[in-house]
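S.K.: Give me a model of this one.
(2 chains)
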Amino acid sequence: MNRLTYIGLFIAAILIIAAVFAPFIATHDIYAINTAERFMPMFTNGHLLGTDEIGRDLFSRIIYGARISLEVGIIVTLVSSLIGMVIGAIAGFYGGWVDKILAGYLFNVFLAFPGLLLAIAMVAFLGPGLEKLIFALCIIGWVGYARVMRGQVLKVREYDFVQAARALGASNMRILFTHILPNAVQPLIVQASLGMAGAVLSEASLSFLGLGIPAPAPSWGTMINSAQQTGFQTVMQIAPHVLFAPGIAIALTVLAFNFIGDGLREYLDPKQRKR
Amino acid sequence: MKYKILNFLRQVGLLLLVVWTVVSLVTLLIELVPGDPAIAVLGDNATPEQINTFNAKHGLDKPGFFFTYTNGELKWHGADNRYLDYWKGVLTGDLGRSFRTDRPVLGMIFERYPNTIKLAIAAMFIAILIAIPLGVLAGTNKGLLIDNFSSFFALLGISLPGFVIGPFLVYVFAVKLEIFSATGYMYPEDIVLPAVTLGAALSAILTRMVRSSVIEELGEDYVRTARAKGLSERKVVYKHVLKNGLIPVVTVLGLQLGVLLAGAIITEKIFSWQGLGLLLLEDGIGKRDYRLVQGCVLVISITYILANSLTDLVYRRLDPRIRLS
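M.R.: Residues are numbered from 1 along each chain as shown, chains lettered A, B, ... in the order given. Sure, this is the predicted structure:
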């Protein structure tokens, strides 16, 4: 593990603390509008990061925003990795025409299609909302896990101990769960960490485009979107921190999970460690 | 030779399958709209006659697919359905008429498309301009300060989304230094900030690639030969190493052209750049013009898929080692 991994773990720990203890950390009501105190600069009137376009406390909203980001990230990562693992395992384990249809066709279609665009299209037709957003992100997210899982299954199933288990008359399910899965889990963890970064980024992107989590909720992407809607030029002139603060939060979160993913990959793959 | 043709055919077959899936998906998307699309577009106060005329005009009164399955009963509708109609339209270059403006969707798209292409090409140009020198410097100075700097830069570029980079660039170059204007495209240089925003991720990826490919090529035998015959290090790097090292870069460039065209939507929103992404977002999704959304999604996806496939082909041509393997 290199230094960046520890930085990533540190940021992730702060995020989790912020998300779990948000009510205790936040200094203000995140929905309290105060039009007299619009676009306040940092460190004024007890507002650590100032206020946004309708006078809400920015710091408290960012803290609560960690909840949304992590919630979406974790659910999307769990659901899409589960779907991906099942489909990937089926493709790799059964091979033949099953594999041809799944890996040859289905994987390629999802990889050939720009992921964010598919999510945008689905949310556009379904309408905005947290559940719909999570659904759309799972639809585009599973294929990465499926590909990794399939590759691992193809590799592991040729190993001697799997052949031995088969010779002893173990069932397909038993071979899959007790022999192949534990050996395929390492690259999946790496993929999950990178996938978490991707999910957080996609949530922020869709929310920024106004297609994610609807407005009063303190989603970081939504915050940038609503601040920008009051006039990009004006905000940039008088209160750029309203755009920067949620932006930095997004960037740090994405960086953290990318760091962790890269570090884990290095740690789990000795071949890469030497370099 | 026979194997080659078969391989080519298989690739084309897969491409057609993907395109078929995309068109089908786009056609059936409208079924996802909660409630009646006509009411969504016309509003709750629309009279039944208005709704009927609207549905008839846009083919929404027809069944969505060959058959429907409701309450455990399979109903066959035959060839007169919306799915087949959309296909007929696509093949004759007709993506239907906009629900809002009643103009042909394809015309609206082609009005905006040049702006997006312009932005994507500018972004690519900037990315190359940054990535090649930085990557070569990092690769030839492996492990030194400049290498660490370029790795850090690459990491930032990959992790920072456009809606973080964009405002930051605007703040520095438009608000503080007043070199560029924040939005709009009155002057040719107005493209710089959006292009850098869009190209940042690409330049980061390219820098990493150029670096690793320079490091790899520097260990090859021909480099030793070139050095042994007394070529200057500069010549070795720029004439020999870079030429070989750029092969993977070309692939990524092609693949990323598709990503840029599809990803321009965020950059276009930040800078109010009147491209295809903004058309999809504001005129399409914002005004619930579902026909326009279908058209935009279709055109962007097809561009993306074609860019990917073409790169694959060019890549095979470029490097005989790949072609033969």
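S.K.: Could you find the closest non-adjacent residue to A:Asp99?
M.R.: Sequence neighbours aside, A:Ala91 is the residue nearest to A:Asp99 in space, at 4.7 Å (criterion: C-beta to C-beta, 6 or more residues apart in numbering or on different chains). C-beta coordinates here come from the backbone N, C-alpha and C atoms, glycine included.
S.K.: With B:Thr68 instead?
M.R.: The spatial neighbour of B:Thr68 that comes closest, neighbours along the chain excluded (C-beta to C-beta, 6+ apart), is B:Lys75 at 5.1 Å.
S.K.: Check B:Asn52 too.
M.R.: B:Asp61 (7.4 Å).
S.K.: number of nearby residues for that neighbour?
M.R.: Neighbour count of B:Asp61, defined by other C-beta atoms under 10 Å in any protein chain shown: 14.
S.K.: Quick check: phi and psi on residue 231?
M.R.: Assuming you mean chain A. For A:Gly231, the backbone dihedrals (degrees, to the nearest 10) come out as phi 120, psi 110.
S.K.: Switch to chain B, please.
M.R.: phi -70, psi 150.
S.K.: likewise B:Gly64?
M.R.: Dihedral angles phi and psi of B:Gly64 (degrees, to the nearest 10) take the values phi -70, psi -30.
S.K.: Verify the stated contact: it with B:Asp85.
M.R.: No. If you go by C-beta atoms under 8 Å, B:Gly64 and B:Asp85 don't touch, sitting 10.3 Å apart.
S.K.: Report pLDDT for A:Tyr105.
M.R.: pLDDT, A:Tyr105: 82.
S.K.: how close does the nearest residue to it once chain neighbours are set aside get to B:Phe65?
M.R.: Spatially, and ignoring its direct neighbours in sequence, A:Tyr105 is nearest to B:Leu17 (6.2 Å; C-beta to C-beta, 6+ apart). B:Leu17 sits 19 Å away from B:Phe65, going by C-beta to C-beta, to the nearest Å.
S.K.: for B:His58, same thing?
M.R.: Distance of B:His58 to B:Phe65, computed by C-beta to C-beta: 16 Å.
S.K.: what's the answer for A:Tyr6, then?
M.R.: 54 Å.
S.K.: Compare neighbour counts for these two and give me the winner.
M.R.: Ranked by neighbour count (other C-beta under 10 Å), A:Tyr6 and B:Phe65 place B:Phe65 first, with 16 against 13.
S.K.: Now do residue 163, the pLDDT please.
M.R.: Since you didn't name a chain, this refers to chain A. Looking at A:Gln163, the pLDDT reads 84.
S.K.: nope, chain B
M.R.: Model confidence at B:Phe163 (pLDDT) stands at 85.
S.K.: residues near it, how many?
M.R.: Quick note: B:Phe163 (other C-beta under 10 Å) scores 27 neighbours.
S.K.: quick one: secondary structure of it?
M.R.: helix (DSSP: H, G, I helix; E, B strand; the rest coil).
S.K.: got it, and B:Asn45?
M.R.: What three-state DSSP gives for B:Asn45 is coil.
S.K.: what's the distance between it and B:Ala38?
M.R.: Distance of B:Asn45 to B:Ala38, given as C-beta to C-beta: 12 Å.
S.K.: Neighbour count for these two, which is higher?
M.R.: Counted by other C-beta under 10 Å, B:Asn45 and B:Ala38 do not tie: B:Ala38 has more neighbours, with 21 against 7.
S.K.: Enumerate every residue touching the more buried one.
M.R.: B:46, B:51, B:54-55, B:60 (C-beta atoms under 8 Å, 6 or more residues apart in numbering or on different chains).
S.K.: For the residues you listed, work out which two are farthest apart.
M.R.: B:Ala46 and B:Leu60 (13.1 Å; C-beta to C-beta).
S.K.: Neighbour count: these two, which is higher?
M.R.: Set B:Ala46 next to B:Leu60 and count neighbours by other C-beta under 10 Å: B:Leu60 wins out with 20 against 16.
S.K.: Helix or strand: which one has A:Pro216?
M.R.: Taking DSSP states H and E as the definition, one finds A:Pro216 inside no helix or strand.
S.K.: and it, what is it in contact with?
M.R.: Neighbours of A:Pro216 in contact, by C-beta under 8 Å, 6+ apart: A:Tyr31.
S.K.: and what of A:Ala119?
M.R.: Neighbouring residues of A:Ala119 by C-beta under 8 Å, 6+ apart: A:133, A:136-137, A:139-140, A:202, A:206.
S.K.: now with 10 Å?
M.R.: Residues near A:Ala119 by C-beta atoms under 10 Å, 6 or more residues apart in numbering or on different chains: A:132-133, A:135-141, A:202-203, A:205-206, A:209, A:211-212.
S.K.: Quick check, pLDDT for B:Phe54.
M.R.: 78.
S.K.: which one is it nearest to, not counting chain neighbours?
M.R.: B:Ala38 (4.7 Å).
S.K.: what do you get for A:Val200?
M.R.: Using C-beta to C-beta, 6+ apart and skipping the chain neighbours, the partner closest in space to A:Val200 is A:Gly73 (4.6 Å).
S.K.: Might one say that the one you found is in contact with A:Gly195?
M.R.: Yes. Using C-beta atoms under 10 Å, A:Gly73 is in contact with A:Gly195, at 8.7 Å.
S.K.: returning to what we had before: I figured the residue nearest to A:Tyr105 hits A:Val109, correct?
M.R.: Yes. Contact criterion C-beta under 10 Å: B:Leu17 and A:Val109 qualify, at 7.3 Å.
S.K.: Quick check on those two: which one has the bigger neighbour count.
M.R.: Taking other C-beta under 10 Å, B:Leu17 and A:Val109 do not tie; A:Val109 has more neighbours (18 against 15).
S.K.: Please name the residues that touch A:Arg150.
M.R.: Shown in contact with A:Arg150 (C-beta under 10 Å, 6+ apart): A:84-85, A:87-93, A:95, A:99, A:102-103, A:107, A:184.
S.K.: From A:Asn108, how far off is it?
M.R.: 12 Å.
S.K.: shared neighbours of these two, anything?
M.R.: By C-beta under 10 Å, 6+ apart, the residues touching both A:Arg150 and A:Asn108 are A:Leu102.
S.K.: Now do the shared contacts for A:Gly73 and A:Gly195.
M.R.: A:137, A:257.
S.K.: Do a quick rundown of the helices in chain B.
M.R.: B:2-28, B:37-42, B:48-57, B:82-91, B:105-140, B:145-159, B:162-169, B:192-218, B:221-228, B:233-235, B:242-271, B:276-278, B:290-318, B:320-324 (DSSP state H).
S.K.: Can you say which of those is packed in most?
M.R.: helix B:276-278 (a mean of 27; mean count of other C-beta atoms under 10 Å in any protein chain shown).
S.K.: Now do that helix: which elements does it pack against?
M.R.: helix B:105-140, helix B:242-271, helix B:290-318 (3 or more C-beta pairs under 10 Å, 6 or more residues apart in numbering or on different chains; DSSP states H and E).
S.K.: want to throw the ones you listed into TSV with distance to chain A and mean pLDDT?
M.R.: Below are the helices and strands packed on helix B:276-278 laid out as TSV (distance: least, C-beta to the nearest C-beta, whole Å; pLDDT from 0 to 100):
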stretch	distance to chain A	mean pLDDT
helix B:105-140	13	88
helix B:242-271	4	79
helix B:290-318	5	79
